[in-house]
Each structure stands twice: as C-alpha cells, then as structure tokens.
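> show me the folded form of this:
(2 chains)
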Amino acid sequence: MKSQSMPLSQLPFGRRGVVRELRADTGSRRRLLDLGLVVGTPVETVLRSPAGNPMAYEIRGTLIALRNAEAGQIIVDML
Amino acid sequence: MGLTTQSTGAQVRKDFSIPGPGKRTEKVIALAGNPNTGKSTVFNSLTGMNQHTGNWPGKTVTNALGRYQFGNEKYLLVDLPGTYSLLANSVEEEVARDFICFGQPDVTVVVTDATSLQRNLNLVLQILEITDRVVVCVNLMDEARRKRIHVDLELLERELGVPVVGTSARTGEGLGTLKAAIAKMAAGWRSQPRQVSYPPEVEAIIASLSPELAGLIPNSRWLALRLATGEDAVFSSLKYNQQDKSAEFLSVARRERGSIPIDLIVTSIVKEAEQIYQKTVRLEKEKPNALDRKIDNVLTSKVFGFPIMIALLGFIFWLTIQGANYPSQLLAKLLFGIEDWLNGLALWGALPSWLHGVVVMGMYRTLAWVVSVMLPPMAIFFPLFTLLEDLGYLPRVAFNLDHHFNKACAHGKQALTMCMGFGCNAAGVIACRIIDSPRERLIAVITNNFVPCNGRFPLLIVMASAFLVTGAGFLGEGLAAVAVLGVIIVGIIMTLWVSKFLSRTILRGLPSSFILELPPYRKPQAGKIVVRSIFDRTLFVLGRAVAVAAPAGALIWLMANITVADASLLAHGGRILAPLGWLMGMDGFILMGFLLGLPANEIVLPIIIMSYLGSGSMQEMESLAALRQLLMANGWTWLTAVNVMLFSLLHFPCGTTLWTIRKETQSWKWTLLAFLVPTLSGIIVCATFTAAVRMLGLGQ
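Below you'll find the predicted structure:
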C-alpha cells in the first residue's frame, strides 16, 4: 500500500497516520517532542472541537489537543 | 555513576533550609511526575494534613512540603511541579530538574499513570539519567484495571533497575508498600538504573566530555548531554547552585555547545520508553479509552458542547448563591453579635469614642462584613470547581472555547482562569499559572477582572431586582436573572475584546502554541476535595482579604467621621467626584463607594447606603423596597442602576486581587495596568451609554 503524506491537520477524522517530519520551530517543537511526538509515532484524529479548531489526537495512549496551525506543521504518512 | 562529590553550595537546598546529605535528621524525598497522574493525591495520602503550600523561592510555581513518619525515620516530602519532561522548556521543568539534580534528595519518587505508561516512562528515563535513587510509583492501578490494562510491575522493575510499586492513591492501595520501598531506597538500596542508549555519535561526545566533568556534579553523563545539546537554562542553574565551579563548566560548554540536536536525544528516550512499554503492558481491549471518547463526543460536540457547559456553570453559580444565603446570615449574626459584645467591652473600659469607632465600627465591622459575605460562597464554589477539575472536565472547556480565544490572540486555558474568576478574581489570577506563555498569561491576568466574582454578584442581583424588574414573583426573578446574565455576557465580550486590543498594542505578538492534554475522566474523591479546596483556595484568599479589609475599614470609618468645615471627608469626596459621576450616569457618592470598596466588592453597597443615610458606619437595608425608596430619594433611576451594574463589572480589581497580581507578575507596572485597563473601560462604557440614553431622552 502506498502511503500519502499530509499535514496532521488534514488527516481525515478517525484515520491513522505516522509522523514523518516535524516542522514546528524550537518552542512548540520541544513541547511536542516531550509528549512523545517523534518521527515514527502513530497518531489518530479522534476529536473535533465545536469550531473544528483545535482538534484532538491520540498520541501514545494519550489525548492531545492541538490548534490546526500547530498540527499543520506535523507531516504524517496516512495509513 | 560517578557519585563522587558532595557538592558544597547547592543553593536550591538552602532556599528550603534543607541540610546537605550528611547532616540530615530526616530523609528528603522528591515527588516528581507528569501532570494528571494523581501525584498530588499521592502527596496528600502520604502526608495527610501535615503539609505546607507556598511558592518556590522567587518563582510563581506552587510548591508543597509535607512530612510523614515511617518506622523510626522521619521523611520530608517535596512535591515538585508536574512536568512532561526535564529538558527545561518551562520554569516548572527547571524547578523540578534543579531540585532533583542539585537538591540531592535521598529518594526521588516518580509518580506515573498506569493508563498512559508509555508517555510517562519518558520522564522516568530522564530522571534515571540524573539519579539512581529512584522509586517508580505506578499510580491509578484501579483505573487501569477498569480499562483492562495490565501492567507487569515485576518485569517493569527489572527493566528499569529501580523499585516499582503499584498504587491507587485514592483508595490507599499500595501506599504502605510505597513507603517501605522509599525507606529501603533511602537506606541505600543498590539500584541499577536503566540508561538510555544513544546513537554512537552521541555516545562518543558523552565519552569525550564526561571525564572533564567528573567530580563537578554527581552525574557527569547527564551534564555532558545537557551541555552538548545546548540547553541554556542549565548554565544559569549551575551558576546559581555551584558558583565556585561555574568557570570550568563554561569552558567545556563553549566547546561542545549545540553539537547534538535535541531531537536525537528525545527520539532515543521515546523509543526506549516504547520498548519498555511494549514488554510490560498488555491491553485486553483494543481501545481502552473507548468510553472516554464516547463522553468526549457529547461534551465537545457542536450541538451539546456549549449548552452543557453553560448549564453546568449556571448550576454551580445557582448553588453557590442559593447555598451561601443561609450560612452567610448565620455568620453575620454571629460576627455582629461579637460586635455588640465588643461595644459593651469598649463602654466598660471607657475607651475614647474615636478609638472605639476606628477599631470596632471601622476595622471590626468591615472585617465581619467581608468574612460573612465572602466565606460561605467561596466555601461552596471552590469545592464544586475542584470537583470539575478532578473529573477532568475543565480541559474540555478550554478545548471547546479555544477557537474564540485564538481569534483574540489569547490562550484557550484563559477560559478556565475566567471560570475561576467567577469564584474570586484573586484565585483566577493565581490560576493563570496554568498558561505557559508569558504573553498570554499576562493577558489573562489583566482581563480576569472582567468576569464578576462572588463579591460582585450580590450587588448585581440587588440592582437588577430593585430597579430593572418591577413585577414581582417568579417572572420578576427570571428577568432579574436575565439582566445579570446580560452583564456576564458583556464581561465576556469585554474580555475577548480587550485581550485582542492588548495583543495588538502593549502585549503584541502572535498566539503561541496551544498544546493541551485532555486527560482521561476520573472518579473524584468528594471528601478530600472539600478539605483541600477549602485549605488551598478558600482560606488562602480569605486570609489576604482580611489583611486588606482591616486597615481599609479603619480608613472608611475615619472618612465618614472626620468633619472638615461643614461635612465629613466622605461627603467632600462625594462632591468632588460628582461631575465625573454625572458623566457616567451615577453620582459622586456611588464613585466614593467603589473607591472605598477597594478592599472587597462586598462593601460597595453598604458604603453607598452609609453615605446616603449620613451615618458614620456601614449599613444594610432591611428590605429591597426600603432600599429602592432610599436610592430613588437620592435621585436614582433605572439608568443609574444599569451604570452601577456596568461599573461594578468594569472597574479596578479589589485590593486582594491587586495584591495577588503584584505577587504573580512581580511587577508594579503590570499591576498598574491591571488597575487602569478595566477602570478606563468602565468609564468609557458608562459615559457612552449614559450620553446615548440622555440624547434619546430615555433617562428618566
């Protein structure tokens, strides 16, 4: 199966992906890393806020909410 | 590990007057862990009521110390801030790291969440790099069982090389074992902590740096890593804690600074955690959090998200206001009964009347007033709020509302500090600590006063019931509630609007990142919540209020009783302020009431009544009708009432809150701004509204 790359913010609801690249700058990059969001981490879009931004993702067994601006800087391969 | 040197001058220890390892009469235990792991429950269960909460010296990070005894040994437990890592991205992480590293605790207990062990192990591995004196506490075992998550504790212990204890701090399960493990480790149990294996190029740099650093601090491998990844914060900590040796660090640091990218380090740690997790944790259900997701789908849905949120908060306000009524009356009866007794005492002691006035009619009466109207609502509101916190609902509120704060260049967590502000603005300001970025935190601090606190609700309700609603009965009450709700909405709009204004002017900048964990829902512990929230929040706020109220009470009495020329100082003040009062659709006495009501918003109306009656001490009216009559006789119309409501919402924070803002921001400049921003907003809003109404000829 050929995988398709996209920003995490565009990963369809309920789909899983694997982190390919982090484009965030130093500050938020470190905080994302601390949550275990390193290259190769599986993620899934599981929750949408009423306005559609932020969204919440399942990352290593925890639920993390990110604004679309941040999630847009995380590139994932859709599974 | 090179545990060779007893460092001499660890400042972080002196800050707490904790003696060096050789001279201790009690064992020092540090308590570390991720947020939302039930760490504070572990802390409370171990220490009971024997604890003290305060701040880390010079920092606005909460710190708690507690003591307990086990066997013949005494233990001092230091609760570190909850952090995801120790790579010092925030003040909290710096504080935690510095204490573990330089405070040289006898044991560091890492509290982890059994239901999200994978992420929690990152922190465990990072701490094992600093010290081998570690006990891992796998908490929330009951939640894990409920979700059918099996943790092989024995295997985990072998993998990590340090004692691992499973607990459910809520029920007390495993706490005895935990204490025993801590005692064993403190007595010198030999551990073999697991070390993260880094790629060869990283190991090579560590190997070249370590010998030079050996002997400077206990763990040279850890220090080599920090220096090589260029973590700037570590330099200042080293300097702060070991001034004598900082030159040596700096020369090594300059050479290798930044030679290892941080991603490489973190990735190695995360992968290692993942490996351990896969070996030791087994999921019986494919999706252990399925129930949480179902609840989330309702609580954050487009259709139900907001209605549920509003209903919940509305219910809490209603319960607070209704529930506080009776105890407030009781308390007032008791405290004013004491006043009568004090009066009798003063008479018997033949106290000069001015002294009696200042002390009893001024200081004591104000104090009694503030305590009796402030204590009961706070004692109800804060536990309810803590309940929502413990349930895990509050992060969902931030999640639901973040979009609107994002548009105002503010942070979603500001919604939570606002909710707290409904209880008490001083508590709301302290709550702003949960916002990591300094810019957004300041915005939240400065605008917190735009939500009316418990102290202002009674005034709003009285104004609405006495003036805006003429029809009595059920319909009248409903309309008054709508009017109060309207004021709250104005406050929320002002908050967003002013937040945006500040973001465009003084606090310019793009919104920083919003990364928020939505923790699993949890069963709260009712009993402990009440006790903790009363101790941590209610009494804390009340203490500060009392400290402000007493001197202010004396001042109010003096103003009302010192006569110059033909009138009291209060009356003179009212006259001077009359033109501004007229411009804002009120009068000078009302403005004097707000000014002298600085110690607490509860006393604004009593002061206004006092000045209209020309009496020398604060008064309350018997009935709403009598109040309405008195106010009308002094020229009030519905316009006056609306302006009083608006200005009550939009004016300077009370003394307690200002004091708290000064403490939290450590700056007079921001405190002044927090005073000016709402006050100017209030003057502008009231004056504009009044001018418009007068122009339309509706002012009567």
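> how about the residues of chain A near chain B?
Applying Cβ under 8 Å from any Cβ of the partner chain, we find that chain A lies next to chain B at A:22, A:24, A:27-36, A:38-41, A:46-54, A:56, A:58-67, A:70. The C-beta positions use only the backbone N, C-alpha and C, and glycine is treated the same way.
> if any of these are buried, put those into a ChimeraX selection.
The ChimeraX command for the buried members of the residues of chain A next to chain B (criterion: 16 or more other Cβ atoms under 10 Å in any protein chain shown) is given here:
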select /A:22,24,28,29,30,31,32,33,34,35,36,38,41,46,47,48,49,50,53,54,56,58,59,60,61,62,63,64,65,66,67,70
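> residues contacting the residue of the stretch 501-650 of chain B found nearest chain A?
Nearest residue of the stretch 501-650 of chain B to chain A, counting by Cβ to the nearest Cβ: residue B:513, 3.6 Å away. Contacts for residue B:513 (Cβ atoms under 8 Å, 6 or more residues apart in numbering or on different chains) come out as A:24, A:27-28, A:31, A:67, A:70, B:437.
> who are the packing partners of the helix or strand bottoming out on mean pLDDT in chain A?
Lowest by mean pLDDT, DSSP states H and E among the helices and strands of chain A is helix A:26-34, with a mean of 84. Packed against helix A:26-34 by the contact rule (3 or more Cβ pairs under 8 Å, 6 or more residues apart in numbering or on different chains; DSSP states H and E) you find strand A:16-22, helix B:262-280, strand B:515-517.
> one more time with 6 Å
Contacts defined by 3 or more Cβ pairs under 6 Å, 6 or more residues apart in numbering or on different chains; DSSP states H and E place helix A:26-34 against no helix or strand at all.
> now that helix against strand A:16-22, angle please.
Angle, helix A:26-34 to strand A:16-22, by axes from the mean of the first three to the mean of the last three Cα atoms, to 10 degrees: 140 degrees.
> give the next helix or strand downstream of helix A:26-34.
Remark: after helix A:26-34, the chain's next helix or strand is strand A:42-48, criterion DSSP states H and E.
> and that following strand, how far out from the chain's middle?
Taking Cα atoms, centre = their mean, to the nearest Å, one finds strand A:42-48 lying 7 Å from the centre of the chain it belongs to.
> flag the shaky bits of the stretch 151-300 of chain B, pLDDT-wise.
B:215-218, B:232-233, B:235-236, B:238-259 (pLDDT under 70).
> what of chain A?
For chain A, the stretches flagged by pLDDT under 70 are A:1-2.
> state the pLDDT value of residue B:463.
On pLDDT, residue B:463 comes in at 87.
> so it sits right up against residue B:643, yeah?
No - here residue B:463 does not reach residue B:643: they are 9.6 Å apart, not a contact under Cβ atoms under 6 Å.
> and chain B, what are its domain boundaries?
With domains defined by automatic domain parsing, chain B comprises B:11-186, B:200-283.
> dump these to JSON lines, plus distance to chain A and mean neighbour count.
Formatted as JSON lines, the domains of chain B follow (distance: least, Cβ to the nearest Cβ, whole Å; neighbours: other Cβ atoms under 10 Å in any protein chain shown):
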{"stretch": "domain B:11-186", "distance to chain A": "4", "mean neighbour count": "20"}
{"stretch": "domain B:200-283", "distance to chain A": "4", "mean neighbour count": "18"}
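> so which of these comes closest to residue B:622?
Closest approach to residue B:622 among the domains of chain B is made by domain B:11-186 (42.1 Å; Cβ to Cβ).
> for residue B:671, give its distance to residue B:432.
The gap separating residue B:671 from residue B:432 is 14 Å, by Cβ to Cβ, to the nearest Å.
> over to residue B:459?
Separation of residue B:459 from residue B:432 (Cβ to Cβ): 25 Å.
> tell me which residue of the stretch 601-700 of chain B lies closest to chain A.
With Cβ to the nearest Cβ, the shortest gap between the stretch 601-700 of chain B and chain A falls at residue B:665, namely 21.1 Å.
> try the stretch 301-450 of chain B
Evaluated by Cβ to the nearest Cβ, the stretch 301-450 of chain B has residue B:403 as its residue closest to chain A, separated by 3.6 Å.
> how about the strands in the stretch 151-300 of chain B?
B:164-166, B:281-283 (DSSP state E, counting those that start in this stretch).
> to residue B:610, which of those lies closest?
strand B:164-166 (61.4 Å).
> thought residue A:72 was touching residue A:9?
Yes - in this structure, residue A:72 is within contact of residue A:9 by Cβ under 6 Å, at 4.4 Å.
> so between these two, which is more surrounded?
Between residue A:72 and residue A:9, residue A:9 has the larger neighbour count (other Cβ atoms under 10 Å in any protein chain shown), namely 20 against 16.
> quick check, the more buried one in a helix?
Yes - under DSSP: H, G, I helix; E, B strand; the rest coil, residue A:9 falls within a helix.
> one step back: wait, what's in contact with the residue of the stretch 301-450 of chain B closest to chain A?
Shown in contact with residue B:403 (Cβ atoms under 6 Å, 6 or more residues apart in numbering or on different chains): A:51, A:53.
> report pLDDT for it.
According to the prediction, residue B:403 has pLDDT 94.
> distance of it relative to residue B:410?
From residue B:403 to residue B:410 the distance is 11 Å (Cβ to Cβ).
> with residue B:670 instead?
Distance, residue B:670 to residue B:410, using Cβ to Cβ: 16 Å.
> show me which of these two is the more surrounded one.
Neighbour tally, residue B:670 and residue B:410, criterion other Cβ under 10 Å: the higher count belongs to residue B:410, 28 against 18.
> nearest spatial neighbour of that one, chain-adjacent residues omitted?
Leaving aside its chain neighbours, residue B:410 sits nearest to residue B:499 (4.3 Å; criterion: Cβ to Cβ, 6 or more residues apart in numbering or on different chains).
> is there proximity between stretch B:386-393 and chain A?
No - Stretch B:386-393 stays clear of chain A (Cβ under 6 Å from any Cβ of the partner chain), getting no nearer than 10.2 Å.
> so for residue B:459 and residue B:432, which residue has more residues nearby?
A count of neighbours by other Cβ under 10 Å puts residue B:432 above the other of residue B:459 and residue B:432, at 29 against 21.
> which element is residue B:109 on?
Here residue B:109, judged by DSSP H and E, is contained in strand B:107-113.
> now that strand: average pLDDT?
Strand B:107-113 carries an average pLDDT of 97.
> what's the mean pLDDT across the helix or strand following it?
Using DSSP H and E, the helix or strand that follows strand B:107-113 in sequence is helix B:117-130. Summarised as a single mean, pLDDT over helix B:117-130 is 95.
> now do helix B:117-130 against strand B:107-113, angle only.
Angle of helix B:117-130 versus strand B:107-113, following the same axes, to 10 degrees, is 170 degrees.
> next SSE after helix B:117-130?
Proceeding C-terminally, helix B:117-130 gives way to strand B:134-139 as the next helix or strand, assigned by DSSP H and E.
> pairing partners for that next one, with directions?
strand B:107-113 (parallel), strand B:164-166 (parallel) (DSSP bridges).
> need the next SSE after it, C-terminal direction.
Per DSSP H and E, strand B:134-139 leads on to helix B:141-146 as the next helix or strand towards the C-terminus.
> spell out which parts of the stretch 401-550 of chain B neighbour chain A.
Counting by Cβ under 6 Å from any Cβ, the residues of the stretch 401-550 of chain B close to chain A are B:402-403, B:513-518.
> looking at those, which is nearest residue B:87?
Here the nearest of these to residue B:87, counting by Cβ to Cβ, is residue B:515; it sits at 14.7 Å.
> list the contacts for that closest one?
The contact partners of residue B:515, by Cβ under 6 Å, 6+ apart, come to residue A:31.
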